[in-house]
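[1] output the structure for:
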Amino acid sequence: MEDKDQKSKGRLTQDNESTYMWRLGRGPDTITEYLFGESFLDSGSSDEKAVMLSDDEKHTISKMVHFFLQARYDKASAEAERCLSSPHPEIRIFALLAHAVSNVAQNNIEVARKNFQTLQQEAKYPENERSAALNDVYRFILSVFFHLGDDITPIPPENLFHCSEGTRLYTMYARSYSLYLKQEYAQALGVAETALIIATDRHPIISLYLNVTASMAAINLSQFEQADRFFLKALEIAKPDGYIQPFIGHHGPLQGLVEKHIRDKEPELYKMIAENVVRFRHGWTEVHNPQSSNKVTTLLTPYEFAIAMMAAKGKSNQEIADYFYISINTVKSHLSVVYQKLGITKRSELEKHLNK
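    Below is the predicted model:
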């Protein structure tokens, strides 16, 4: 009965691995192929013999990814720890990435910072070209995800030659996100749409992230129907397996799409997302705020944050009311609370408290 209840909420139990990839009949191989290709060469070996992962390693990596996407950060972190001593540098640095972000989500910031430092050290002394390329990709993704501004350095195209198709597509998601942060919304949308054409049905997890960034770009271009379409496609991919992390990690830039499409229609799902948004934002700001002139607030509820984001982006009270199907007076009431919590008096002061 417990398993049924979990599945009805789109969540996985620890013993139930009937996920999207499993339903495709490909099992944990799908995740490892996303990350590393069907096999990878051990460049430290004189005969360059292909090194295949064991089934145990594949299952560990797959569970790490699934638990993280389900916002089960403690379990994701535990699976990542099992890979930190892997003999394969490619697996170690991916585990460092997963371990770092999972600990940010749990507000274990010192643990996450040590992971970031280790990634930096690994970058100085890479064991082979593939691990060097992957390290560049992961550090780029982290810089974008935590909105570190000038620290966001594009990846040299030649480095992507050493990456799997899945990793290259995920890099396109990060590239789209970085363009969004620079307010180059049309380019951000173009990159996401191009990558979605390439990903098609072969890369559902990556398509989930690409649809999220496409919706973020579209809403800033005032292409609201497109934004809705991309968001609902992301939700369609995410729901069967409870993959709520993309909506948690991108809640602010989604500018109310989570509230518009989930809050009233699926209150239990929204509650799950909102509770995790609050926790995740606390950890996220601990990484972002010390390195940015924009000190993102943790004082607002997710709903207040969504309304404040739209106001900061220049939307009128009437536009916000129409968007959320609420009255203008309700919008004014929420914004009054937002101003009071932030200690400000006008809209022009909002943006410095919000993530873009």
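[2] flag every buried residue along stretch 177-185.
    By 16 or more other Cβ atoms under 10 Å, the buried positions in stretch 177-185 come out as 177-181, 184-185. The C-beta positions use only the backbone N, C-alpha and C, and glycine is treated the same way.
[3] how about the helices in the stretch 151-300 of the chain?
    For the stretch 151-300 of the chain, helices defined by DSSP state H, counting those that start in this stretch occupy the ranges 165-181, 185-199, 204-220, 224-238, 245-249, 257-258, 267-288.
[4] so how far is residue 326 from residue 117?
    46 Å (Cβ to Cβ, to the nearest Å).
[5] neighbour-wise, which of those two wins?
    residue 326 (15 against 12; other Cβ atoms under 10 Å).
[6] helix/strand/coil for that one?
    coil (DSSP: H, G, I helix; E, B strand; the rest coil).
[7] ok, it to residue 194 distance?
    36 Å.
[8] so what's the closest residue to residue 226 other than its chain neighbours up against?
    Of all residues not flanking residue 226 in the chain, residue 218 sits nearest, at 4.1 Å (Cβ to Cβ, 6 or more residues apart in numbering). When contacts are counted by Cβ atoms under 8 Å, 6 or more residues apart in numbering, residue 218 touches 185, 189, 224, 226-227, 230.
[9] roughly how far apart are residue 84 and residue 122?
    Counting by Cβ to Cβ - residue 84 and residue 122 are separated by 11 Å.
[10] of these two, who's got more company?
    residue 122 (20 against 15).
[11] confirm that the more buried one sits in a helix.
    Yes - counting by three-state DSSP, residue 122 is located in a helix.
[12] go ahead and confirm it touches residue 91.
    No - in this structure, residue 122 is not within contact of residue 91 by Cβ atoms under 8 Å, at 11.9 Å.
[13] quick check: the gap between residue 131 and residue 223.
    40 Å.
[14] likewise residue 90?
    In terms of Cβ to Cβ, residue 90 sits 38 Å off from residue 223.
[15] more crowded one of those two?
    Counted by other Cβ under 10 Å, residue 90 and residue 223 do not tie: residue 90 has more neighbours, with 25 against 18.
[16] element containing that one?
    In the assignment (DSSP states H and E), residue 90 maps to helix 89-105.
[17] got the angle between that helix and helix 165-181?
    Relative orientation of helix 89-105 versus helix 165-181 (axes from the mean of the first three to the mean of the last three Cα atoms, to 10 degrees): 40 degrees.
[18] so which elements touch helix 89-105?
    helix 29-36, helix 55-69, helix 73-83, helix 109-124, helix 129-145, helix 267-288 (3 or more Cβ pairs under 8 Å, 6 or more residues apart in numbering; DSSP states H and E).
[19] give me the angle between that helix and helix 73-83.
    150 degrees.
[20] returning to what we had before: next, show the common contact partners of residue 84 and residue 122.
    With Cβ under 8 Å, 6+ apart as the test, residue 84 and residue 122 both reach 92, 96.
[21] coming back round to it: I'd like the helices and strands packed on helix 89-105 laid out as CSV, including mean pLDDT.
    Formatted as CSV, those follow (pLDDT from 0 to 100):
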stretch, mean pLDDT
helix 29-36, 70
helix 55-69, 87
helix 73-83, 94
helix 109-124, 88
helix 129-145, 85
helix 267-288, 93
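[22] same list (those helices) but as a markdown table, adding distance to residue 343.
    Shown next, in a markdown table, are the helices and strands packed on helix 89-105 (distance: least, Cβ to Cβ, whole Å):
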| stretch | distance to residue 343 |
| --- | --- |
| helix 29-36 | 44 |
| helix 55-69 | 35 |
| helix 73-83 | 31 |
| helix 109-124 | 25 |
| helix 129-145 | 28 |
| helix 267-288 | 17 |
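[23] nearest to residue 322, out of these?
    Evaluated with Cβ to Cβ, the helices and strands packed on helix 89-105 place helix 267-288 nearest to residue 322, the distance being 20.2 Å.
[24] give the buried residues for that closest one.
    For helix 267-288, using 16+ other Cβ under 10 Å, the buried residues are 269-270, 272-274, 276-277, 279-281, 283-288.
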